[in-house]
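In: Build the 3D model from these lines:
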Amino acid sequence: MSESPPPMFYVGDEMAPASFNKDMVDSPQKSKKQRMEDEGRKTIIVGICAMSKKSMSKPMKEILLRLERFEYIVTNIFSEDVILNKAVEDWPLCDCLVSFFSQGFPLQKAVQYAELRKPFVINDLHKQFDLLDRRYVYRVLKEEGIGLPTYAVLDRDSNNPNECELIETDDSVEVNGQIFHKPFVEKPVSAEDHNIYIYYPISAGGGSQRLFRKIGSRSSVYSPESKVRKKGSYIYEEFMPTDGTDVKVYTVGPDYAHAEARKSPALDGKVERDSEGKEVRYPVILTNLEKLIARKVSLAFSQTVCGFDLLRAHGRSYVCDVNGFSFVKNSSKYYDDCAKILGNVIMRELAQSYDIPWNIPIEEEEASYVPTTSGTMIELRYIISLLGRGDESTIEKLLAACKYQKMELRCVIGVMRHGDRTPKQKMKMEVKHQKFFELFSKYSGYKYGKIKLKRPTQLQEVLDVARFLLAELKTNPDETEIEEKKKNLEQLKTVLEMYGHFSGINRKVQLKYKPNGRCKLSSSEDEGKKPEPSLLLILKWGGELTPAGRVQAEELGRAFRCIYPGGQGEYAGFPGCGLLRLHSTYRHDLKIYASDEGRVQMTAAAFTKGMLALEGELTPILVQMVKSAHTNGLLDFDKDSSSQQSKIKERLYEMMGKTSNFTDEDINKLAPTNAKSLIDSLKLVGNPSNKCEEVYKGIKSLINQIQDRKQDPKYKDTILYHNESLELMLKRWMKLERDFKSKNGEFDITKIPDIYDCIKYDCLHNNTLNLKNTEELFVSAQALADVIIPQEYGITAKEKLELGAGICLPLLRKIRTDLEKNLEDETVHRLNPKYSHGVLSPGRHVRTRLYFTSESHIHSLLNCLSLGGLCDENDDQWNRAMQYLAAVKELNYMTQIVIMLYEDPNKDPASDERFHVELHFSPGAKGFEDDDTTYPTGSGFRPAGSSKLKIPSDLDTDSSSDSFQLSETEDGLVALPSLSDLARLRISAISGKNSPVRRLKHGFCSAPATGRSGMLLHHCV
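Out: This is a model prediction of the structure:
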């Protein structure tokens, strides 16, 4: 017997030698099997037994084409007619069987065929039955020690009562004794049922996201339904926050795993598709632990070719589903790898028994790749030549442009205030009726002395009590058992009935036990009696994000893209702009934090929706993308800081209690930092007592006009902005009138921020009432508020810095850590350069951390940054930035503090020149009294460039739309993305055309902080 030639494996025709005959693969005249038989050579027949939709798919064809390039392997696809209608005895013969289940496939017949013919089976057929039941899948994963979300099985088909116990409450379910708090996931036990529901907590808006098998461009929809399904068996598991990204892993044997990331279907339900209609996915690098998980999954289920879903959350990786036989949809590199591995597996198993010569191939060393941020000239030439992008002249153009790209954006940190909100309101009333005590007892009030009621069922119970008592008073007006004031009960009822439903944290009721409540004095018989216990009922509402606030946040999110390379232009609102490209290709490490207030969390969700061009409701975005900053103390107040601030407020209120005009000495005491805006406001106030009287008269005038509107038939049943009634508006202002001026004529300065808050809200949103003198009241209240609010966070520079550090020290430390992390190479998602196509800079990576909070942290952080000694006080650019800050009167809604870190990868890592840090600031929403001369002109730290450089338009690169502004520094030219567009943004408010507060503006200034990133906040911390 003559010696057979060595086995051959070629990837692509260009790698095949001249002796390689392509006709051997695809000759229409004679099959490879026939030619081999004519030559007396043995073959290994690989049978493909699957539904035609799978066996004739593009991935299968690509892999079989490559598999046939193994000299002794031929493939045979079983026709669907044979599979469905013929007995297994009539099925074609094969030596190796590739068979897998999909909808309509007779898996049991495939098992019978394998038992009859005994071929070498690539994917175990018996185990494929197990993959159809999620209960078995989870059991196997748990036995193998593979990470899983915490779960429980509700088996309604079981005869065991302990396996089908379900107790449902507003925000949780208890399954067989195990409690799952919302958000949680509900999965049918059948793996073929893709109707998976995610239930959201009331604090996030409630409702559920309903996932299903992709239909067109949708993979899920939001539903307001919050109740779990009552029929069928399900797996309940904790929801894993993955920052809106899922990872699909594809194994080919235990030693190979390919991973791709995609947008989570639970985020907004929109499927991103490419030009060929395929879902957009990008290859990512697996960690060593994840590679071990892939190996375990492949072996545990005896599936050589296998796909499974990976969730990356809490710094760990969890498997949430195993799909069985799965192929990557569009990757030539994967097709090469898959065919190569399968061919070697088949040859290793069968070659010897068929007397076919075969040796284990020696792997060639792969070409090295360097994941740098901007790359070297040699790497750029190498990439372009690989992708066939143009001739030498084109390369020279690119290199000429890249010469100025000295700095690469590495990190963006933003701290932002929430958007426009409703006025925060509170009502207190003493209650003694037995029904309130029964409610207090029901929720363990006697154990703690107080209770908070904010769940829908709890608020409904309070509303029912209020309705009952009002009905009793209507039936019997002289009812003495009901001591609660009728007007208070009516307000309680009105507030709880707002919006027609209970959703989110927009209302809550507190009940506090008072053992010595006031006694009844209805007759002389009651004199001398001991006081009876009572409950103090505190109703809080308002302070929630308005529709205008959502628009502000979403628009700012879209505008925020402009600070990233490739994102210049009018909001950069097209799919291929810089940030969206960066984020969709998994080169963007994004984390978003928000304090626990509902308005702050919804602002963060709306901003994220705009920034990432998402669709649909905010609730799924909030749950998926926004992390609570409360859990790690980021936005907590230090107790010592609270007491220190109380002392500062007392001193401030005392100084603001003057009954004469402010003298120069008074101004120096109240504004020792010489801030221009503060001095201007003090001069505008003049005599604080007189200014308070102006405010008080303005409030009384407003109340009289609202009362007139109530009597006017034209305004009957008028519903104001955000579902407020005229009655509630009237009570809001009457309460401020009572609280602001006491009976002895003294003014309570602490109410000024609330008054300013209310008049600003009504000017913007309720201008349709055509109330007179609102603008005068606004200006007077604002003048007082512009003094009181910023000085509550410290009067002297020392107080501002100490109090600021006390309030936001955890946040400062987190920001410093965020910057220092850029010196390391740690990230959750990292694009895999070996499998990436169409991405010229796969090593580019930007870290973004966004923190959404309230006004207190914005004031405190800004004080720390401006007074913390970051720069030499004699620096001209720093002084320009400080002049801008000093001119800012108010840190309005959507105020932003942004830190941007750039790196020059060509500099020594230990050099101070390697990193460049910029501080950017915007005072947020603009009031009607501001004009273009309110703030100093100039560009802060970054000087205006004399020219702009654009990447040549004929090059199809990631940064083809980048605009670079050249700045002269001591180190020469540094090319940075231009932020001029961001400086000129206008964001429209939702308001009437006659509103005095007509538009919102985002100002801009920046201040320098050079040197190593770790030193940025050294003086502050």
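
In: Help me confirm that L777 is found in a helix?
Out: Yes: under DSSP: H, G, I helix; E, B strand; the rest coil, L777 falls within a helix.

In: which non-adjacent residue is nearest it?
Out: G698 (3.4 Å; CB to CB, 6 or more residues apart in numbering). C-betas here are computed from N, CA, C, even on glycine.

In: I'd like the distance between the one you found and C758.
Out: With the distance defined as CB to CB, to the nearest Å, G698 ends up 11 Å from C758.

In: neighbour-wise, which of these two wins?
Out: Shown here are G698 and C758; by other CB atoms under 10 Å, C758 has more neighbours (24 against 21).

In: isn't there a helix covering that one?
Out: Yes: the assignment for C758 by three-state DSSP puts it in a helix.

In: Let me know the secondary structure of the closest residue in space to it that isn't next to it in sequence.
Out: Distance criterion CB to CB, 6+ apart; nearest residue to C758, sequence neighbours excluded, is P423 at 4.8 Å. Assigned state for P423: coil (three-state reduction, three-state DSSP).

In: Look up how far E665 lies from the spatially closest residue to F662 that is not a sequence neighbour.
Out: Nearest non-adjacent residue to F662, counting by CB to CB, 6+ apart: L682, 5.4 Å away. According to CB to CB, L682 stands 12 Å off from E665.

In: So if I had to pick from the two, which one is more boxed in?
Out: The neighbour count for L682 versus E665, taken as other CB under 10 Å, is higher for L682 (19 against 8).

In: Let me know the secondary structure of the more buried one.
Out: Going by three-state DSSP: L682 is helix.

In: tell me the contacts of it?
Out: When contacts are counted by CB atoms under 8 Å, 6 or more residues apart in numbering, L682 touches F662, D666, I667, L670, A671, V787.

In: center of this protein - which residue?
Out: In the chain, the residue lying closest to the centroid (CA atoms, centre = their mean) is M625, at 2.4 Å.

In: ok, back up a step: mind pulling the model confidence for the residue nearest to F662?
Out: At L682, the pLDDT value in this model is 94.

In: same deal with E724?
Out: pLDDT, E724: 87.

In: OK, contacts around it?
Out: Contacts for E724 (CB under 8 Å, 6+ apart) come out as T422, M498, N766.

In: Determine the set of other helices and strands touching the helix or strand hosting K61.
Out: In the assignment (DSSP states H and E), K61 maps to helix 58-67. Using 3 or more CB pairs under 8 Å, 6 or more residues apart in numbering; DSSP states H and E as the contact test, the elements touching helix 58-67 are strand 44-49, strand 73-77, helix 332-350.

In: Can you pull the phi/psi pair for the residue nearest to the centre of the chain?
Out: phi -110, psi -30 (degrees, to the nearest 10).

In: Make 20 the starting number, not 1.
Out: All set: I'll call the first residue 20, so the last point we hit is now M644.

In: Just give the number of residues close to R474.
Out: Around R474 sit 18 other residues, with neighbours defined as other CB under 10 Å.

In: Now do the contacts for the nearest residue to it once chain neighbours are set aside.
Out: Using CB to CB, 6+ apart and skipping the chain neighbours, the partner closest in space to R474 is D189 (4.6 Å). Going by CB under 8 Å, 6+ apart, D189 touches I221, S245, R474, P475, T476.

In: can you rerun that using 6 Å?
Out: R474, P475, T476 (CB atoms under 6 Å, 6 or more residues apart in numbering).

In: Let's see the pLDDT reported for it.
Out: With respect to pLDDT, D189 scores 86.

In: now it, what's its secondary structure?
Out: At D189 the chain is in coil, as set by three-state DSSP.

In: Next one: it from V484, what distance?
Out: According to CB to CB, D189 stands 18 Å off from V484.

In: Check K702 too.
Out: K702 is 53 Å from V484, by CB to CB.

In: State the helix or strand in which K688 lies.
Out: Under the criterion of DSSP H and E, K688 resides in helix 683-689.

In: pLDDT on that helix, on average?
Out: Mean pLDDT, helix 683-689: 93.

In: In that helix, which residues are buried?
Out: Buried residues in helix 683-689, defined by neighbour count with 16 or more other CB atoms under 10 Å: D685, L689.

In: Tell me where the stretch 720-869 of the chain has strands.
Out: 865-872 (DSSP state E, counting those that start in this stretch).

In: All the helices of it, residue numbers only.
Out: Using DSSP state H, counting those that start in this stretch, the helices assigned to the stretch 720-869 of the chain run over residues 745-759, 771-784, 793-810, 816-839.

In: and T914, which of those is closest to it?
Out: helix 793-810 (12.2 Å; CB to CB).

In: quick one: that closest one to chain centroid distance?
Out: Distance of helix 793-810 from the chain centroid (CA atoms, centre = their mean, to the nearest Å) equals 35 Å.

In: Just confirm I215 contacts L230, I think it does.
Out: Yes: applying CB atoms under 6 Å, one finds I215 in contact with L230, separated by 4.4 Å.

In: Closest one to N882 out of the contacts of E743, please.
Out: T441 (27.7 Å).
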